[in-house]
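Participant: what follows is a protein structure lacking sequence information:
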Ligand code: PGA
C-alpha cells in the first residue's frame, strides 16, 4: 500500500517570521495525524529556521531546487549535501516554473535527480504539459518525454525512492484544477510507463502526486483516485488551515 504524501511548495513566499509561524502551525496540527506523510518546502534561505521549527514533528523538510555538482565555483547554487546538512529529506526537482521560467531542461533535471539520490535526498520530480500541448492532444507524449529525460539511468531501487508530481502547467496557480479523471488518466499512464521500464511491483510502489490548484474543496475527490497518492500544493500550502484541509482529504 502506498502511503499518502502531501507536500507544500511555498515557492518564493513568506519572510523569516511568517515562515517559522507557518511551519509551527503545520507541525502542531500534524501532531494528531497518522497514516500520511507530510513535507513543507520553504524558500532555501529559511530552510534552517523552518527545519528548527519542525524538528521532532511529523512534518519533513524539503527544498525547492538544488544544483547537481558536489561543490565548487557555482555562484548562487546549493548542493544536495548542503540540503542534507540543513535537515532536508526531500527536494523538488524540475518544477514547471523552473522548466519554463528558469529554462531547466530534462537533461539538467536528470543530473540533479542522480545527485540528490546519491546524497540521500528523496526527489519529487515534476512533470506536466502546457495548455497548448493538452489541446493538441500531446499530453501523454510530453509526459513520456519528460519521464525519459528527467529520470534517465535510474536503477529500479533508485526509481523506488522517487516521487513523481504530475502538475499540468495550465492548472498551476490558475484556480483551474484538472478534473479527477484528467489527473487519474495521466497518473495511470505514468504507472504504466514505470511498469514498462522496470516492473509492476516498482510501478505499484512509486508515489505519484497531483499538483495544480489543489484546495481543501477539491482534494478529497482527487486523492480518492486509485493512482493519485498525494498532492504537491502551492498557494494553499501558505495557510495552515487550507494545507491541513487538503491533508484531511487524504485520510
Ligand atoms: P498551486 O501550485 O497549488 O498554487 O497551483 C502547485 C505547484 O506549483 O506545486
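Facilitator: Looks like it arrived, so ask away. Just so we're clear, the structure is a prediction, and the values are computed from it rather than from any experiment.
Participant: so which residues of the stretch 51-200 of the chain form helices?
Facilitator: 80-85, 96-100, 106-118, 131-135, 139-150, 156-159, 180-197, 200-205 (DSSP state H, counting those that start in this stretch).
Participant: which ones are touching the closest residue to residue 144 other than its chain neighbours?
Facilitator: Leaving aside its sequence neighbours, residue 144 sits nearest to residue 193 (Cβ to Cβ, 6 or more residues apart in numbering; 6.2 Å). Any C-beta I mention is one placed from the backbone N, CA and C, and that applies to glycine too. Applying Cβ atoms under 8 Å, 6 or more residues apart in numbering, we find residue 193 in contact with 143-144, 147.
Participant: reformat these as CSV; add neighbour count, distance to the ligand and pLDDT.
Facilitator: Formatted as CSV, the contacts of residue 193 follow (neighbours: other Cβ atoms under 10 Å; distance: Cβ to the nearest ligand atom, whole Å; pLDDT from 0 to 100):
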residue, neighbour count, distance to the ligand, pLDDT
143, 22, 16, 98
144, 16, 21, 98
147, 19, 18, 98
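Participant: between the residues you listed, which sits nearest residue 114?
Facilitator: Nearest to residue 114 out of these is residue 147 (Cβ to Cβ; 15.0 Å).
Participant: what's near enough to touch that closest one?
Facilitator: Residue 147 touches 127, 164, 190, 193, counting by Cβ under 8 Å, 6+ apart.
Participant: what's the neighbour count on the closest residue in space to residue 69 that isn't next to it in sequence?
Facilitator: Once flanking residues are discounted, residue 69 sits nearest to residue 79: 6.6 Å by Cβ to Cβ, 6+ apart. For residue 79, the neighbour count with other Cβ atoms under 10 Å is 19.
Participant: same question, residue 130
Facilitator: 17.
Participant: state the distance from it to residue 169.
Facilitator: Distance from residue 130 to residue 169, counting by Cβ to Cβ, to the nearest Å: 5 Å.
Participant: need the overlap of contacts for these two.
Facilitator: residue 100.
Participant: mind checking which helix or strand residue 213 is in?
Facilitator: Using DSSP states H and E, residue 213 sits within no helix or strand.
Participant: which non-adjacent residue is nearest it?
Facilitator: In space, residue 213 is closest to residue 177, 4.2 Å off (Cβ to Cβ, 6+ apart).
Participant: what about that neighbour, distance to residue 148?
Facilitator: 27 Å.
Participant: the more surrounded of those two?
Facilitator: More crowded of residue 177 and residue 148, by other Cβ under 10 Å: residue 177, with 21 against 13.
Participant: which residues touch the more buried one?
Facilitator: Residue 177 touches 171, 212-215, 218, 222, counting by Cβ under 8 Å, 6+ apart.
Participant: beta partners of whichever residue of the stretch 1-150 of the chain sits closest to the ligand?
Facilitator: Proximity of the stretch 1-150 of the chain to the ligand (Cβ to the nearest ligand atom) peaks at residue 9, 4.2 Å away. On the basis of DSSP bridges, residue 9 is bridged to residue 41.
Participant: great, nothing more from me.
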